[in-house]
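Chemist: Show me how the following folds:
(2 chains)
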Amino acid sequence: MSDRIETYLNIAGEQIRWKRARPALLEELRTHLLDQRDACLAEGMSEEEAQAEAVRQMGDAVSVGLGLDRVHRPKPQWGLLLLTVAVAVAGVVFRLVLTAGDEWPTASVGVWETVLALVLGIGGLFIGYFLDYTFLGYHGKRIYLAALVLGVAMVALETVGFYDMSYLAAFYPLVYAGWLYSWRERGWKGFLCSIFGMIPLLVVRCVSGDSGLMFDLLVLLVTGVLLLMLLSWKDWYGIGRKAGIGILSTGILFVGGWGCVRVLSSDYMSNRLLYGFRPELDPTGYGYTGVNIHQALESARWMGEGLWAGAYPYEMMLPGGQEDFLLTTMIHKLGWGPFLALILAFFLLTICLLIKCLRQKNTLAKLTVLAVVMPLAFRTLVALGMNFGVVILFAHFPLFSGNMALVMDMYLIGMVLSVFRQEKLPITARKTQRTYFGFGQ
Amino acid sequence: MTIDKSLLAGSTALLVLKLLESGDKYGYQMVEELRRRSDQTFELKSGTLYPLLHSLEQKGYIEAWEEDVGTARPRRYYHLTDSGRRQLAEKEDEWRTYAGAMFRVLEGGA
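Modeler: A predicted model of the protein is given here:
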């Protein structure tokens, strides 16, 4: 029906080299041309004349296309991809070297499993990198429900074991970000649904308890609150910035205060806190691991293996040194030098991710990146603390311990890099039809 | 009266931000409103408008949203962000200073 218009769009489209950006850009031009044509028809022109006039007013198709092509180009992230792979490879090599040998009380880390995890991880990195992350924004509610159903199913079936819940929970901040994004301009209902949407995720995670539970809950809470704050600041729900921030701050004070009271009034929790920071007060109980880690670190050298003064060999005294406390093992066996080199490479990666994250202008891009990078940064801090003897929460050091965790970390980092790559993709927040400043056709 | 296009070129971004100050709009509406508000003086070519809108969006001055109305013609509305409002105020000041100086010279002060 709109032959001239379609021809025009084809020519303009041919100039836009980034295929993924093309449909959204052409759709916008099409709507404009059709609006213009309708206006001309209303003035009494024939269909043919109206289309010709609409196309004339739009301007030369080639220069329109070239103009859009200049603005919308992918930004490849080869440097960060390479850095991620390099850090992961270094992590795997160190893990295999450090855990080889018969001194460990449990079987050493399997070479083939670890190499397979690395290969899968690199695959995951590229899959995340090339996939379109915007599905999170367009299907936020569906993804949220699917993640809940999956969580409930995992708990109910119990076939996969509780430990696996922490893998699913690692995606929950991202799932929650998609949920928040879907409530744009929905007023108080949207605001409340956004806040209370966190509860089912927390509950599903709570039902299955393991050592990573406290960490997962804290990560989801802290990241979730940060995302909510960000959206309230942008007045995402249309309830006013002051109202959103005010209610959230009150909620944080209330829940935070209640949390502190709970922690301090529970013997178990306050002991964990106390002996986490002062392990020497209970060297054979709560503080056992912390004391051994302190001993390993105190005797570590800059290069080479430190002297171990324990009653039994290091491997016997700190069995977790194969996985959770691998960095301690690294410092003890190889020295501070190699440890600092690896950590600096990892920090370089994290800082690059954080800086680029803060530069994101698009709301969906910012939410997605924050929902991955915040938990990653939080995990890095907790895992570093653990490896320095502050054993309160448990977390894998990103890209460094655990096979499944490695694959997931790399996929998530790939997703962040995909956001950076598609920084110039036209993304449109959807909203259901409602009055908007009294405006609308 | 038709005016030299190069006069308009430097200030299109300012005009676009100004149009959005009074409420969210989509591209076609902006072209029409600009024509009306400038007494037909400013003919903003749509081909110039969209790359400009998209680059303003990438700078964070405006944000796009779309009504989810199923089969109806989807319209991409643009919304002025806080950072866009600041940019607008800055550009307006700049323009007023420039225009004031221009007038003084044209009117041949001492």
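Chemist: Tell me the strands beside the lengthiest strand in chain B, with direction?
Modeler: Using DSSP state E to define each element, chain B has its longest strand at strand B:62-68. Paired neighbours of strand B:62-68 in the sheet (DSSP bridges): strand A:429-432 (parallel), strand B:76-80 (antiparallel).
Chemist: helix or strand right after the longest one?
Modeler: Using DSSP states H and E, the helix or strand that follows strand B:76-80 towards the C-terminus is helix B:82-106.
Chemist: what's in contact with that next one?
Modeler: Residues outside helix B:82-106 that contact it (CB atoms under 8 Å, 6 or more residues apart in numbering or on different chains) are B:11, B:13-14, B:17-18, B:20-21, B:56, B:60-62, B:80. C-beta: built from backbone N, CA, C; applies to glycine.
Chemist: Now do the same for the residue nearest the centre of chain B: helix, strand or coil?
Modeler: Note on chain B: the residue nearest the mean C-alpha position is residue B:16, at 1.3 Å, using CA atoms, centre = their mean. Assigned with DSSP: H, G, I helix; E, B strand; the rest coil, residue B:16 falls in the helix class.
Chemist: Any idea how many residues pack against residue 32?
Modeler: Since no chain was named, I'll use chain A. A count of nearby residues for residue A:32, using other CB atoms under 10 Å in any protein chain shown, gives 25.
Chemist: I was after chain B.
Modeler: 15.
Chemist: Check residue A:89 too.
Modeler: Residue A:89, neighbours per other CB under 10 Å, totals 14.
Chemist: And for it, nearest residue in space, chain neighbours not counted?
Modeler: residue A:118 (6.8 Å; CB to CB, 6 or more residues apart in numbering or on different chains).
Chemist: The host helix or strand of the one you found: what's the following helix or strand?
Modeler: Residue A:118 belongs to helix A:111-130 when assigned by DSSP H and E. With elements assigned by DSSP H and E, the helix or strand that comes after helix A:111-130 is helix A:135-138.
Chemist: helices or strands up against that following helix?
Modeler: On a contact count with 3 or more CB pairs under 8 Å, 6 or more residues apart in numbering or on different chains; DSSP states H and E, helix A:135-138 meets helix A:172-181, helix A:363-387.
Chemist: What helices and strands are in contact with the shortest one?
Modeler: Judged by 3+ CB pairs under 8 Å, 6+ apart, helix A:172-181 is in contact with helix A:135-138, helix A:140-157, helix A:198-207, helix A:213-233, helix A:363-387.
Chemist: and the angle for the third one with helix A:172-181?
Modeler: Here helix A:198-207 points in a direction 160 degrees away from that of helix A:172-181 (axes from the mean of the first three to the mean of the last three CA atoms, to 10 degrees).
Chemist: How about residues contacting helix A:198-207?
Modeler: Contacts for helix A:198-207 (CB under 8 Å, 6+ apart): A:147-148, A:151-152, A:155, A:165, A:169, A:172, A:175-176, A:213, A:216-217, A:220-221, A:224.
Chemist: Just the buried residues of the residues you listed.
Modeler: A:147-148, A:151, A:155, A:165, A:169, A:172, A:175-176, A:213, A:216-217, A:220-221, A:224 (16 or more other CB atoms under 10 Å in any protein chain shown).
Chemist: Where does pLDDT dip in chain B?
Modeler: B:1-10, B:68-72, B:109-110 (pLDDT under 70).
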